[in-house]
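S.K.: below: sequence and its predicted model.
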Amino acid sequence: MALHVCGRGLPDEQPVEYWIVDGTISLEPVAGAETVFADGWIIPGLVDAHCHVGIGPGGPVDIDEALRQAETERRAGVLLIRDAGSPVDTRAFDDRADLPRIIRAGQHLARTKRYIPGLPINVDDEDQLPEVVAAQAVRGDGWVKLVGDWIDRGVGDLAPLWSDDVLRRAIDAAHANGARVTAHVFGEDALPGLINAGIDCIEHGTGITDDIIELMLANGTALVPTLINIDNFPGIADSAAKYPTYAAHMRALHATCRTRIGAAREAGVPIYAGTDAGGMVAHGRIADEVDALSGVGLSATEALGAACWAARRWLGAPGLEQGAPADLVCFADDPRSGPEVLRQPDLVMLRGQVR
């Protein structure tokens, strides 16, 4: 049976009306369609642009827990996930019509003993990185994830993992295989090499400065700041007392990050919403990340767009248009009015089915 929804859309706030036939959207009326939502707000399915399906507080999880994580995201209205690195193969989920669509970045790539144990592919010789990147580019869904910096216990602080020349060759290898590259970066020192090498996105970005913002603008580099995960920095610092320089650095990054992210937004750096769910952040918290983005200078419409229509354009996913998959969320109240509304969709439709 054909379905029908009507209400107001965003960002233009104009009346919208969609008919759903065989899982896709029609802009033309369909006789006999059942109206399942009316008199509210209708937006494309939400996007978590930094999410780890397959990772939990203790590291990799089994496939049943990964399934529960994906279901939690769907209930929150997240119908598109950019999985920013996972050791768990979730490609079987693609056959499930009831689960969010996942764009995978393959597995984290790090130097040996320079990232969380059990998560990355460890690269012993950095000259191997371009070859490993090329393999992950083929394995993933158009993205590769590098660990750009991490604590170096020899120096007791955050430090880059890769030399500038290797980064250029590795990112060129990804681009040659049709993939974009993103990197985990907390501190300042790794950023120039990554951005000058042509990286497409920076995750977290707590170390960006005015010079780095200019560099990002010149190179078209996007930013996914994961603000609700950055709130964990003080706790990370507390647990790293044996490395006082690193602990102080993490506290300083936390104290200045919202000012820095706000400056990036003001300058025009593209910013998208990602929670870093998995590990230290529970799944299903995209509403909290949207709220946090509003707190660093994005308007309510911009912040929601960073987790919806704008993020979909960036990732190459369709919105609500003729022939597109019917992935949408509906709200009786304006979803820009606060996280308490956004985290409780009144209707979630995935692949044309009410979930």
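M.R.: Arrived safely, thanks for sending. Numbers count the residues shown, from 1 in each chain.

S.K.: what's the end-to-end length of stretch 83-94?
M.R.: For stretch 83-94, the first-to-last residue distance is 13 Å (CA to CA, to the nearest Å).

S.K.: quick check: buried residues in that stretch?
M.R.: Across stretch 83-94, burial judged by 16 or more other CB atoms under 10 Å covers 83, 84, 85, 86, 87, 88, 90, 93. (Each C-beta comes from the backbone N, C-alpha and C, glycine too.)

S.K.: specify the beta-bridge partners of the closest residue in space to the fifth one that isn't next to it in sequence.
M.R.: Counting by CB to CB, 6 or more residues apart in numbering, residue 87 lies nearest to residue 60, which is 4.8 Å off, once chain neighbours are set aside. Counting by DSSP bridges, residue 60 is bridged to residue 55.

S.K.: so what's residue 60 up against?
M.R.: Taking CB atoms under 8 Å, 6 or more residues apart in numbering as the criterion, residue 60 is in contact with 54, 86, 87, 88, 118, 119.

S.K.: what about residue 98, how many neighbours?
M.R.: Neighbours of residue 98 under the rule other CB atoms under 10 Å: 12.

S.K.: who are the contact partners of the spatially closest residue to it that is not a sequence neighbour?
M.R.: The spatially closest residue to residue 98, leaving aside those adjacent along the chain, is residue 355, at 6.3 Å (CB to CB, 6+ apart). Shown in contact with residue 355 (CB under 8 Å, 6+ apart): 74, 75, 98, 348, 349.

S.K.: can you tell me which of the buried residues of stretch 83-94 end up in strands?
M.R.: Using DSSP state E, residue 83 are the members of these that sit in strands.

S.K.: in this protein, where's the longest helix?
M.R.: Longest helix in the chain, counting residues (DSSP state H): helix 244-267.

S.K.: average pLDDT across the helix or strand that comes right after that helix?
M.R.: For helix 244-267, the following helix or strand on the C-terminal side (DSSP states H and E) is helix 286-294. For helix 286-294, mean pLDDT is 98.

S.K.: equivalent analysis for stretch 8-25, please.
M.R.: 97.

S.K.: hmm, who's touching that stretch?
M.R.: Taking CB under 8 Å, 6+ apart as the rule, stretch 8-25 contacts 2-7, 26-30, 33, 40-43, 301, 304-305, 308-309, 320-326, 328, 335-336, 349, 351-353.

S.K.: alpha carbons of that stretch, in CSV - could you do that?
M.R.: Extracted in CSV, the C-alpha atoms of stretch 8-25 (Å, rounded to 0.1, in the frame of the first residue of the first chain):
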residue,chain,number,x,y,z
ARG,A,8,6.5,21.5,6.6
GLY,A,9,10.1,20.9,5.5
LEU,A,10,13.4,22.3,6.4
PRO,A,11,15.5,24.4,5.9
ASP,A,12,13.0,26.4,3.8
GLU,A,13,10.0,25.9,6.2
GLN,A,14,7.6,25.4,3.2
PRO,A,15,4.7,22.9,3.0
VAL,A,16,5.8,19.5,1.7
GLU,A,17,3.9,16.4,0.7
TYR,A,18,5.3,13.0,-0.2
TRP,A,19,3.8,9.8,-1.4
ILE,A,20,5.7,6.6,-0.8
VAL,A,21,5.5,3.7,-3.3
ASP,A,22,7.7,0.6,-3.2
GLY,A,23,10.0,2.3,-0.7
THR,A,24,10.7,5.4,-2.8
ILE,A,25,9.4,9.0,-2.8
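
S.K.: pull the contacting residues for the residue sitting nearest the centre point of the chain.
M.R.: Centroid check for the chain by CA atoms, centre = their mean gives residue 49 as the closest residue, at 1.7 Å. Contact partners of residue 49, counting by CB under 8 Å, 6+ apart, are 82, 84, 224, 272, 273, 274, 307, 311, 314, 315.

S.K.: how about residue 217?
M.R.: Counted by CB under 8 Å, 6+ apart, residue 217 has contacts 267, 268, 269.

S.K.: name the nearest residue to the first one, sequence neighbours excluded.
M.R.: Okay, so that is residue 267. In space, residue 267 is closest to residue 213, 5.0 Å off (CB to CB, 6+ apart).

S.K.: in the stretch 1-150 of the chain, which spans are strands?
M.R.: Under the criterion DSSP state E, counting those that start in this stretch, the stretch 1-150 of the chain contains strands at 3-9, 15-21, 24-26, 34-37, 41-44, 46-51, 55-56, 59-60, 78-83, 101-104, 109-111, 121-123, 143-147, 149-152.

S.K.: tell me which of those is the most buried.
M.R.: Most buried of the strands of the stretch 1-150 of the chain, by mean neighbour count (mean count of other CB atoms under 10 Å): strand 46-51, with a mean of 31.

S.K.: for that strand, the averaged confidence score.
M.R.: 98.

S.K.: so, low pLDDT: which residues of the stretch 101-250 of the chain?
M.R.: Within the stretch 101-250 of the chain, no stretch has pLDDT under 70.

S.K.: residue 280: neighbouring residues, count only.
M.R.: So residue 280, with other CB under 10 Å, has 13 neighbours.
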